[in-house]
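Colleague: coordinates only, sequence not included:
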């Protein structure tokens, strides 16, 4: 069993260069808004192709062509969204998703604003790097390719997390949610599959690429549910939980962490803490610890 180091203090992601990010945000704001709003004026409704085909089903060869014209080299990679990743001349590598452009003008404007907001730099949130038209009513959205292991894969390949390990994951995820909430966004369907742990121990959240339903309080509840699945029940109620018996300090930390999870799971959304507050309280409940990685053979077995 190996360990991941505790996530370091916030610093720029190695693929996130401030100048380039500013250029991409500018391109996103000007080009994307111009294209979509031009479509909105010329075709205020209906399917512009007239064939009813799902615009999100863009063949891989078409994606390679449109992205190649913009300087991106596209290659297949099993496990990536859509099975493709793209790299530009500077070495920036992104996953490729296809998003349908809504027929409704209001929904189109909301999509533009959403993608624009996701181009901003946030330490624990995968950023949108480029948006390219991929057909009459589809967009190829290129997002940070975060190297590492998805949290659901990690959890399936090992026993319960200690309180400190859970906090190492939980706090940055809560910070990512807080960043979304500051711009009026929500994640909407947070689960362990939306979180990647990088080799240096950073937890990175993959945001939804279309505006999501729900509220910030719903996101906090979903994160608490995610964390509840990672840690064992309080030792006093389930003394036979999997894993080594915790010491007194771990028992206290586990009880304190469970108390914060219970608060975030309250039925009344108004009674749940905000994401940033939840992060701070969980950090106070248990000292962050390195995340123990399972044996590689175990990872292969559960893949």
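Modeller: Ah, there it is. Treat the numbers as computed from the prediction; the structure is a model and nothing was measured.
Colleague: do I have it right that residue 292 meets residue 165?
Modeller: Yes - taking Cβ atoms under 8 Å as the definition, residue 292 is a contact partner of residue 165 at 6.8 Å. C-beta coordinates here come from the backbone N, C-alpha and C atoms, glycine included.
Colleague: who has more neighbours out of these two?
Modeller: Neighbours were counted for residue 292 and for residue 165 using other Cβ atoms under 10 Å; residue 165 has more, 22 against 15.
Colleague: what separation do you get for the more buried one and residue 202?
Modeller: 14 Å (Cβ to Cβ, to the nearest Å).
Colleague: please apply the same query to residue 259.
Modeller: 27 Å.
Colleague: wait, a helix at residue 98?
Modeller: No - the secondary structure assignment for residue 98 gives strand rather than a helix, going by DSSP: H, G, I helix; E, B strand; the rest coil.
Colleague: so what's it bridging to?
Modeller: In this entry, residue 98 is beta-bridged to residue 140, by DSSP bridges.
Colleague: contacts only, for it.
Modeller: By Cβ atoms under 8 Å, 6 or more residues apart in numbering, the residues touching residue 98 are 55-58, 63, 82, 134, 138-141.
Colleague: may I ask which of those comes out lowest in pLDDT?
Modeller: Least confident entry in the contacts of residue 98, by pLDDT: residue 55, with 39.
Colleague: residue 221 and residue 272 touch, don't they?
Modeller: Yes - the criterion here is Cβ under 8 Å, and residue 221 meets it with residue 272 at 6.3 Å.
Colleague: got any residues that touch both of the two?
Modeller: Applying Cβ under 8 Å, 6+ apart, one finds that residue 221 and residue 272 are jointly contacted by 264-265.
Colleague: following element in sequence after the strand or helix carrying residue 176, please.
Modeller: According to DSSP states H and E, residue 176 maps onto helix 163-182. Elements were assigned by DSSP H and E; along the chain past helix 163-182, the next helix or strand is strand 195-197.
Colleague: so what secondary structure elements neighbour that following strand?
Modeller: With contacts defined as 3 or more Cβ pairs under 8 Å, 6 or more residues apart in numbering; DSSP states H and E, strand 195-197 has these neighbours: strand 149-150, helix 151-156, helix 163-182, strand 203-205.
Colleague: residue 214: which of these is closest?
Modeller: Comparison of these against residue 214 by Cβ to Cβ identifies helix 163-182 as nearest, at 10.9 Å.
Colleague: how about that closest one: buried residues?
Modeller: Neighbour-count burial for helix 163-182 flags 163-181 (criterion: 16 or more other Cβ atoms under 10 Å).
Colleague: quick one: which of the helices and strands packed on strand 195-197 is nearest residue 229?
Modeller: Ranking these by their distance to residue 229 (criterion: Cβ to Cβ) puts helix 151-156 first, at 7.0 Å.
Colleague: and stretch 258-277, what's buried?
Modeller: 258, 260-261, 263-265, 272-277.
Colleague: same check, this time on stretch 129-139
Modeller: Taking 16+ other Cβ under 10 Å as the basis for neighbour counts, the residues of stretch 129-139 that come out buried are 129-135, 137-139.
Colleague: closest to residue 231 among these?
Modeller: residue 129 (34.2 Å).
Colleague: contacts only, for residue 223.
Modeller: Taking Cβ under 8 Å, 6+ apart as the definition of contact, the neighbours of residue 223 are 170, 173-174, 177, 190, 264, 275, 278.
Colleague: which stretches of this structure form helices?
Modeller: For the chain, the helices identified by DSSP state H occupy 18-27, 33-42, 60-68, 105-118, 151-156, 163-182, 216-230, 248-264, 275-285, 296-302, in order along the chain.
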